[in-house]
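Asks: could you look at this predicted model? Sequence included:
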Amino acid sequence: WVHCDPCERAFDAPLMYEEGWGKKLSYIVACWVGGVVDVTRRYTRKFNTDVMGRRTMVSEQELAAIIRNINSACKRVVASL
């Protein structure tokens, strides 16, 4: 996955939010026709030390299940086209 932020005229600079802006990241999700992917690790150097402590909306197992469900639904839709 390649980071792209047209508003900031940024390409392949995923650390700009955490390091440049000081954002406290929790979840970064990439979307494509086949579904979604959790790409949070690409956007931080502090995944284990900081980010994991903020990822409290759902457990990591629940997040994986949600992503699998979304991806299955996307595959069904694409297959029906």
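Replies: Looks like it came in fine. Numbering: from 1, shown residues only.

Asks: how many other residues sit next to I67?
Replies: Counted with other C-beta atoms under 10 Å, the neighbours of I67 add up to 15. Every C-beta, even on glycine, is put in place using the N, C-alpha and C of the backbone.

Asks: hang on, isn't it packed against G35?
Replies: Yes. I67 is within contact range of G35, at 7.3 Å (criterion: C-beta atoms under 8 Å).

Asks: how about the strands of the chain, start to end?
Replies: Under the criterion DSSP state E, the chain contains strands at 4-5, 10-11, 29-32, 35-38.

Asks: CA atoms of stretch 46-61 as CSV?
Replies: Provided in CSV are the C-alpha atoms of stretch 46-61 (Å, rounded to 0.1, in the frame of the first residue of the first chain):
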residue,chain,number,x,y,z
LYS,A,46,5.3,3.4,17.9
PHE,A,47,2.9,0.6,17.2
ASN,A,48,3.8,-1.7,20.1
THR,A,49,4.7,1.1,22.6
ASP,A,50,1.9,3.6,22.0
VAL,A,51,-0.6,2.7,19.4
MET,A,52,-1.6,-0.7,20.8
GLY,A,53,-2.6,1.1,24.1
ARG,A,54,-5.1,3.3,22.1
ARG,A,55,-6.6,0.4,20.1
THR,A,56,-9.5,-0.2,22.5
MET,A,57,-12.6,0.1,20.4
VAL,A,58,-12.5,-3.7,19.7
SER,A,59,-10.1,-6.5,20.5
GLU,A,60,-7.5,-7.4,17.8
GLN,A,61,-9.4,-10.6,17.3
